[in-house]
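Asks: Have a look; sequence and predicted model below, questions after that.
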Amino acid sequence: MSIFSPVRPSGPSDIDHLLSAMTPEAELKEFLRKPKNDADDAGPPTLPPHLGSLPHTAYVTAALEYLDHYPFDRPFIIRTPVGRVKETFLPSMHQGWDEKARSYLKACVEVDRTSLASIDPTYDANLSQQWFIHEGIFKRRWTLEELASEIIALVELVCSETRTASAVATPMTTGKGRVMLRDEKCRLSGVLRSRKCTAEEKLCVTNSGVPAARLEVAHGLPYGMGETSFSLVEVLTGLPIMAWGDTVDCVENALMMNAALHKLFGAFQLYLESGANNVIYIRARKFPADADPTAELSCIANDEKHLCNLPFVLIDAPLRPPNLQSIPDIDMKFFTLHKFIGDVVWMCGGAEPESDDDDEEEEDMRVLSANNWPILQEKLTCTDHFVAHHDGMNG
């Protein structure tokens, strides 16, 4: 019989006898499956002390098994990228939402957190994973619909705003001018900025024949993330980042990119990674297969007109140096978190929606606005992982 079977002992004495005969790992699972009663208005009971020091793997296994059996069918107020909507959300009325919610929360449990040690040398990935399980899953185990909604909204926010073109979203106080002045070129491919290139053109040339492209300001984290989003990222990662909310609007969180590369970066197919001697490398996601950007890179050239899919032309090459040293360069903490959130996204199937509908409605969704928010809200509740596209429209 599954530990999550609805069959229950007949009374308190039977429960005590059952628990006393269990291993601690089995007792943990039985404790988690206890239903809510009238005395539990303050929330789920906390773990008994003797269940608070089990091996790390016991908590991971218990959390994943709990998520496998949680129904995700309770009505709730849904979280969206810009806040909560007033209407009650009924999961039963949206086919596939339960599986989407389950996949996102399981990904948040299982995602590899070791890369976050580059932000804080004292970071312990296992302890942070356990922290999320306790604070996110166990303490909220009767209301996981809300947690899943918050995680999905956070991912949608980062997906959409890191794709946003420079004309739509740039650091508010620092201004895109400082980022453009500091970088001058695409920091990934080295091409110059040209106003002649359209969004569809991968490369053009200046009057002097120098390779150029349409450049955009790309962000590691959305500078508009609010306190709620940072609180959620803090629980997810175990990093004390609440104070970052006052520092995200900065040149250290932005850099210039070729618009075509910006789109891949926004889809988490490209990311930045710190290497030895503080060298920052450009990486390409290789798993799952749909994440591999090699095909797209075969149509994009660098400043020497070499195709970016070739070895070390772009992938695994160092980030290009800035034009001006007097303006602060990027801070990798923002881009490390961007990559981490991308890991969660691709564990759930990727950042790109699968759709055969390429009509004007999809074009209108490239920039989030009050006009298209109802459409986005509807898409957030479907089984596909909708992401608002931003590739240069001025909204």
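Replies: Good, I have the coordinates. Residues are numbered from 1 along each chain as shown.

Asks: can you give me the strands in the stretch 51-200 of the chain?
Replies: Remark: strands assigned in the stretch 51-200 of the chain by DSSP state E, counting those that start in this stretch are 76-80, 83-89, 192-193.

Asks: will you turn the ones you listed into a markdown table that also has mean neighbour count, mean pLDDT and distance to residue 305?
Replies: Where you see a C-beta, it was placed from the backbone N, CA and C, and this is true even at glycine. Formatted as a markdown table, the strands of the stretch 51-200 of the chain follow (neighbours: other CB atoms under 10 Å; pLDDT from 0 to 100; distance: least, CB to CB, whole Å):
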| stretch | mean neighbour count | mean pLDDT | distance to residue 305 |
| --- | --- | --- | --- |
| strand 76-80 | 20 | 83 | 43 |
| strand 83-89 | 13 | 77 | 46 |
| strand 192-193 | 18 | 90 | 13 |
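
Asks: Residue 289: which of these is closest?
Replies: strand 76-80 (30.6 Å; CB to CB).

Asks: Pairing partners for the closest one, with directions?
Replies: strand 83-89 (antiparallel) (DSSP bridges).

Asks: So what's the residue count around residue 261?
Replies: When counting by other CB atoms under 10 Å, one arrives at 29 neighbours for residue 261.

Asks: Over to residue 281?
Replies: Count around residue 281 with other CB under 10 Å applied: 15.

Asks: Provide the partner residues of it in its beta bridges.
Replies: residue 273, residue 318.

Asks: check contacts around it.
Replies: 272-275, 316-319 (CB atoms under 8 Å, 6 or more residues apart in numbering).

Asks: Quick check: of those, which has the highest neighbour count?
Replies: Most surrounded of these: other CB under 10 Å gives residue 272, at 21 neighbours.

Asks: so it touches residue 280, yeah?
Replies: Yes: shown here, residue 272 and residue 280 form a contact pair, counting by CB atoms under 8 Å, at 5.5 Å.

Asks: Show me the shaky parts of this structure.
Replies: Within the chain, the ranges that satisfy pLDDT under 70 run 1-21, 81-84, 86, 161-176, 196-203, 205-209, 224, 245-246, 351-395.

Asks: mind listing what the most centrally placed residue in the chain touches?
Replies: Centroid-nearest residue in the chain: residue 341, 2.8 Å away (criterion: CA atoms, centre = their mean). Residue 341 makes contact with 154-155, 158, 268 under the criterion CB under 8 Å, 6+ apart.

Asks: Phi and psi next, for it.
Replies: phi -60, psi -30 (degrees, to the nearest 10).

Asks: Distance of it relative to residue 279?
Replies: 23 Å (CB to CB, to the nearest Å).

Asks: if we can go back for a sec, which pair in the contacts of residue 281 spans the largest distance?
Replies: Using CB to CB for every pair in the contacts of residue 281, the one that comes out farthest apart is 274 and 317, at 14.5 Å.

Asks: picking that back up, got the strands of the stretch 51-200 of the chain as a markdown table, with distance to residue 226 columns?
Replies: Shown next, in a markdown table, are these (distance: least, CB to CB, whole Å):
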| stretch | distance to residue 226 |
| --- | --- |
| strand 76-80 | 12 |
| strand 83-89 | 8 |
| strand 192-193 | 31 |
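
Asks: between these, which one is nearest to residue 346?
Replies: strand 76-80 (21.5 Å).

Asks: Please state the offset of the closest one from the chain centre?
Replies: 18 Å (CA atoms, centre = their mean, to the nearest Å).

Asks: Could you export it as CSV, CA atoms only?
Replies: What follows is strand 76-80, C-alpha atoms only, in CSV (Å, rounded to 0.1, in the frame of the first residue of the first chain):
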residue,chain,number,x,y,z
PHE,A,76,-7.2,29.6,-4.9
ILE,A,77,-6.3,33.1,-5.9
ILE,A,78,-3.7,32.8,-8.7
ARG,A,79,-0.4,34.6,-8.8
THR,A,80,0.6,36.2,-12.1
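
Asks: Is residue 316 part of a helix or strand, or is it coil?
Replies: coil (DSSP: H, G, I helix; E, B strand; the rest coil).

Asks: Tell me how many other residues surround residue 105.
Replies: The tally of other residues near residue 105 (other CB under 10 Å) stands at 26.

Asks: separation between it and residue 71?
Replies: Distance from residue 105 to residue 71, by CB to CB: 13 Å.

Asks: Determine the number of other residues adjacent to residue 110.
Replies: 15.

Asks: now do residue 120
Replies: Other residues near residue 120 come to 15 when the count uses other CB under 10 Å.

Asks: Now it: closest residue in space that isn't a chain neighbour?
Replies: Excluding the flanking residues, the one nearest residue 120 by CB to CB, 6 or more residues apart in numbering is residue 239, at 6.3 Å.

Asks: just residue 194 next, same as before
Replies: residue 212 (3.5 Å).

Asks: Which helix in this protein has the most residues?
Replies: helix 144-162 (DSSP state H).

Asks: what's the span of stretch 106-125 from first residue to last?
Replies: End-to-end distance for stretch 106-125: 16 Å, by CA to CA, to the nearest Å.

Asks: Show residues contacting it.
Replies: Residues contacting stretch 106-125 (CB under 8 Å, 6+ apart): 60, 63-64, 67-68, 128-129, 132-133, 136-137, 151, 236-239, 273-274, 332-333, 336-337, 339-340, 343-344, 347-348.
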